[in-house]
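Peer 1: got a sequence here, can you build the structure:
(2 chains)
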Amino acid sequence: MLSVISYPVFGFSIILSLVLSVSLFPVDYFELRPEWLGLMVFYWTFRAPAQFGILLAWCLGLLLDVLEATPLGVNALAMGLIAFLVLTVHQRLRMFPMPQQCLMVFLLLGINQMLVHFIKQTLGADNTGFEYLWPALTGALIWPVLCVLLDNLNRKLG
Amino acid sequence: MRVSARGGLLIKSIFVQGPIPGFRLFLVIVLSATLIVLDTRFDKLETLRSALSTSLAPVVWLGNAPDQFSGWVASLFTTRDDLQAENESLNARLLILERRALKYAALAAENNRLRELLNASGTLDDRVIVSEIVGVSPDPFSHEVIINKGDRDGVKVGQAILDAYGLMGQVQSTSNFTSRVLLISDSSHAVPVEVNRNGLRAILLGNGDANSLELVHVPDTADIREGDMLVSSGLGGRFPRGYPVAEVATIEKVPGEQFIRIEATPRAQLSRSRMVLVVFQAEPELDDAVPASQMNAGEEP
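Peer 2: Numbers count the residues shown, from 1 in each chain, chains lettered A, B, ... in the order given. Now for the predicted structure:
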C-alpha cells in the first residue's frame, strides 16, 4: 500500500517495540501486554513485503528470545511464521476493512502465541490455560492506532 | 509527477511476489529447531546468548530510563528539611545496626571457636556487591529479574541473590553488563532449606506465585510449626548457608497422604525490592569440605 517507507522509522519502531516488550507496562496487568514485536513484524511485512520478510522477522524474534530468556529460536520461529502468513495473505489483507484487519491481526498473533506456548510446554513449562492469548487480543485492539500512526510517519518521513 | 510515481510503485508493490516464501519458511523452521535443540539439550549457545544480550543492554537501559528519570526529578524537588530528617533517621538506624554488628562479630568469633572444637570447618563471612534491578522478565509466567551487574563485575552463573530480608534467587545467565536472576518463586526453582529451630531439612519449591512457596516431602510426624523460619541449608552447594528464605505460613495435614502440605511466605520482597546483594561465596576450594562437615553437624543431634 505504501509507496515509500522510511528506514529510520523502521529502526526506531523496532527498538521501541523491544523496549516496550521488557518494560513500561503496569506489573499487575502483565499478561495483558500486547505482543509489540509481533505487531511490528506484521506491520512491516504487510506494508513492505518486498523489503521485509521471513528472515528479518526471524532475526528480530531471536532478539526477543534473548530478552525473554526463552530457549533461542522459539520466538524467532513464531515471528518467522507471522511474516510467512502475512506474505501469503497481504494482497487480500489490503482490501479488508479495519475491523477485519484487526481480526486478522488477532488470528496471526494468536497463532504466534500458541506456537510459542506449545513449544514451551513441550520443553516443560506449566500449562496456564488460555491466558496467553491476551497479548493477541490487546494487540488486535491497538492495531488501528498503530497502523495509522506508522502510515503517517512513513508518508511524512519516507 | 509524484502521484504517478507513487501509483506505479503501488501497482508494483501489490503484484510483486519476490522469492518463494515457502522455502524461506522451511529454512527458518530447520534453523529454529536446530537452535532450540542445541539450547535446551546441549547448552551450546551461552556465548551467542551472552553476546546478543550484551548488545541488547541499551534496550534494557532505555526501558529502565523513565523510572530513573522520575526518581531523579523527585530527588530534585526534595527539600533540605526532608533530607535532614532522612539523614537523622538513617544515622540513628546506623547506630542501632552497628551496635548489633559489634555483638554479631563477637558471636561469630565464638561460633567459629565452638565449630573448631567440633572439628567442623569455620564459617567465613561472604563478600557481597550491591546491585539494582533494572528489569523484569516480559514473560508473565516466569519469575525473573534483570540486575545491572554482569561479567564485568565478576558475576557468575549460580550465585545467590539476596535483598535486605532474605534470599531472592540465583543468577541464571550473565552478559557483559547485566545478569538474569531466577527468583525462588519461579515454578522451576527449588532451594534446599532447614528449619532454623531444629535443623529439619526439606526442599522449598516455587510455584509461580510471588507470595507463597511450597515445602515438600515433609513427613506428617515432623516437628514443624507455623511461624518457623526456614534458612538455606547450603546442601546443594549452590546457596550459601544460613540466609533466611521463608517463614512457614500454613500447615495442612491431609488424612491418607504421606506428606503434609506446607505453604511458606518468602522473606525477601520478591516483587518490591529494588536494591539487591550479589553474594560471592568465600573460598571456593572449601566447597567440597563444607557439605561433609554440615552432614556431620546435622547427624549429631
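
Peer 1: so who does the most centrally placed residue in chain A touch?
Peer 2: The centre of chain A sits closest to residue A:38, judged by Cα atoms, centre = their mean, with a distance of 1.1 Å. Counting by Cβ atoms under 8 Å, 6 or more residues apart in numbering or on different chains, residue A:38 touches A:78, A:79, A:82, A:108, A:109, A:112, A:135, A:139. C-beta coordinates here come from the backbone N, C-alpha and C atoms, glycine included.

Peer 1: count of neighbours near the last one?
Peer 2: When you say that, I think you mean residue A:139. 25 (other Cβ atoms under 10 Å in any protein chain shown).

Peer 1: can you pull out the strands in the stretch 151-300 of chain B?
Peer 2: Ranges of strands in the stretch 151-300 of chain B, per DSSP state E, counting those that start in this stretch, are B:160-162, B:167-174, B:179-183, B:190-195, B:201-206, B:213-216, B:229-232, B:244-252, B:261-266, B:275-280.

Peer 1: can you give the strand pairings for the fourth one, parallel or anti for each?
Peer 2: Put plainly, it is strand B:190-195. strand B:201-206 (antiparallel), strand B:229-232 (antiparallel) (DSSP bridges).

Peer 1: just the helices in the stretch 51-200 of chain B please.
Peer 2: B:57-76, B:80-117 (DSSP state H, counting those that start in this stretch).

Peer 1: is it possible to get TSV of the ones you listed that adds mean neighbour count?
Peer 2: Converted to TSV, the helices of the stretch 51-200 of chain B look like this (neighbours: other Cβ atoms under 10 Å in any protein chain shown):
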stretch	mean neighbour count
helix B:57-76	14
helix B:80-117	11
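
Peer 1: ok, of those, where does mean pLDDT dip lowest?
Peer 2: Note on the helices of the stretch 51-200 of chain B: helix B:57-76 shows the lowest mean pLDDT, a mean of 83.

Peer 1: related to what we said a few turns ago, which among the contacts of residue A:38 gets closest to residue B:103?
Peer 2: Checking the contacts of residue A:38 against residue B:103 with Cβ to Cβ, the nearest one is residue A:135 at 52.6 Å.

Peer 1: am I right that the closest one falls within a helix?
Peer 2: Yes - judged by DSSP: H, G, I helix; E, B strand; the rest coil, residue A:135 forms part of a helix.

Peer 1: any idea how far it is from chain B?
Peer 2: 9 Å (Cβ to the nearest Cβ, to the nearest Å).

Peer 1: just the closest residue of the stretch 51-200 of chain B to chain A, please.
Peer 2: Proximity to chain A, evaluated over the stretch 51-200 of chain B using Cβ to the nearest Cβ, is greatest for residue B:63 at 3.2 Å.

Peer 1: any stretches of the stretch 201-301 of chain B with poor pLDDT?
Peer 2: B:282-301 (pLDDT under 70).

Peer 1: which residue comes closest to the residue in it that chain A sits nearest to once chain neighbours are left out?
Peer 2: Closest to chain A within the stretch 201-301 of chain B is residue B:208: 6.5 Å, counting by Cβ to the nearest Cβ. In space, and not counting its chain neighbours, residue B:208 is closest to residue B:187: 4.2 Å by Cβ to Cβ, 6 or more residues apart in numbering or on different chains.

Peer 1: can you list the domains in chain B?
Peer 2: Domains of chain B are assigned by automatic domain parsing as B:2-44, B:190-266.

Peer 1: re the thing from before, tell me who's in contact with the residue nearest to residue B:208.
Peer 2: Here residue B:187 is in contact with A:126, B:143, B:205, B:206, B:207, B:208 (Cβ under 8 Å, 6+ apart).

Peer 1: just the buried residues out of those residues, in PyMOL syntax.
Peer 2: Buried residues among these (16 or more other Cβ atoms under 10 Å in any protein chain shown), as a PyMOL selection:
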select buried, chain B and resi 143+205+206+208
